[in-house]
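In: turn this into a model:
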Amino acid sequence: MTNNFTDIVSEDIVYILEKPWYISEKEWNLYDKSQIERSHFYIQNELKLAKDGGFSRIWKTEDNQPIAIMGCLKKEGQKFQTFFVASKHMENHALKISFEMRDLLREQAVILRGYTCYLYSNSDHPHQITWFKFLGFNYIPERNTALEKYFEYNSPRS
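Out: Got it, this is the predicted structure:
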C-alpha cells in the first residue's frame, strides 16, 4: 500500500462533498455547511497521512469532474485504515469504479504481504456487505460498533 498516489486537490474534495452520492451524503452526514467543512478538513488530513506508507486514488469523469476518492493510511503495526467518499457521479460509474478499486486493493496487497486494511462503515445501503465482499473485504460483525459495521481486507501472508 505504498507509492500509489493520485494528486487530489482541495477543489476535488469540495466538489464531492457538495455534490455527494446519496450513500456518501448519509454516511458522512453531509447535510449542512459545517459538517461539509469538517469532512473536508478530515479528508485533507487523512490524505496527508496516507502519503506516509499508504495510498490514495481519485476517479474522475471524462470531463474531469470528481467521482470518488479512496485513501488508505498506515496505522499501528501491520494495519491500514481506509476511507471512501463519492460524488453524485458514482451513480453512473459504480461498476467501473468498483472493479478498479478491487484491482487497486489486490495490487497493493501483493506489495505488502501480511498487512490488514480495515474500515468502519455506517452506510445503510442494502448491498453494503455484498459490495465490500466483492472488493475483497471480510465482514467481521463481532467488531461492529453500535452504529458501524467493521470490514477487513487481509493481504496474503506469503
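In: count the residues that sit near Q78.
Out: 13 (other Cβ atoms under 10 Å). For every residue, glycine as well, the C-beta is placed using N, CA and C.
In: I misspoke; the intended subject was V14.
Out: With other Cβ under 10 Å as criterion, V14 counts 16.
In: check G136 too.
Out: Other residues near G136 come to 17 when the count uses other Cβ under 10 Å.
In: A68 too?
Out: Neighbours around A68, by other Cβ under 10 Å: 23.
In: ok, it touching Y15?
Out: No. The criterion here is Cβ atoms under 8 Å, and A68 misses it with Y15 at 11.1 Å.
In: okay, and the common contacts of these two?
Out: S87 (Cβ atoms under 8 Å, 6 or more residues apart in numbering).
In: top helix in the chain by residue count?
Out: helix 90-111 (DSSP state H).
In: right, and the helix or strand after that helix?
Out: Sequence order places strand 116-121 as the next helix or strand after helix 90-111, per DSSP states H and E.
In: following that next one, which helix or strand shows up next?
Out: Using DSSP H and E, the first helix or strand after strand 116-121 is helix 128-135.
In: what's that next one in contact with?
Out: S98, M101, R102, L105, S121, H125, Y139, K149, F151, Y153.
In: can you report phi and psi for F80?
Out: Main-chain dihedrals, F80, degrees, to the nearest 10: phi -130, psi 150.
In: pretty sure it contacts L73?
Out: Yes. Applying Cβ under 8 Å, one finds F80 in contact with L73, separated by 6.5 Å.
In: now do the shared contacts for those two.
Out: Common neighbours of F80 and L73 (criterion: Cβ under 8 Å, 6+ apart): G54.
In: next, the residue nearest to K88 when sequence neighbours are not counted: phi, psi?
Out: Closest residue in space to K88, ignoring its immediate chain neighbours: K19 at 4.9 Å, by Cβ to Cβ, 6 or more residues apart in numbering. Phi and psi for K19, reported as degrees, to the nearest 10, are phi -130, psi 60.
In: so K19 sits against A86, correct?
Out: No. Look at K19 against A86 with Cβ under 8 Å: they stay out of range, at 9.9 Å.
In: which residue is nearest the middle of the chain?
Out: F84 (2.3 Å; Cα atoms, centre = their mean).
In: which of the three states applies to that residue?
Out: Assigned by DSSP: H, G, I helix; E, B strand; the rest coil, the conformation of F84 is strand.
In: show me the contacts for it.
Out: Counted by Cβ under 8 Å, 6+ apart, F84 has contacts S24, A68, I69, M70, G71, M101, L119.
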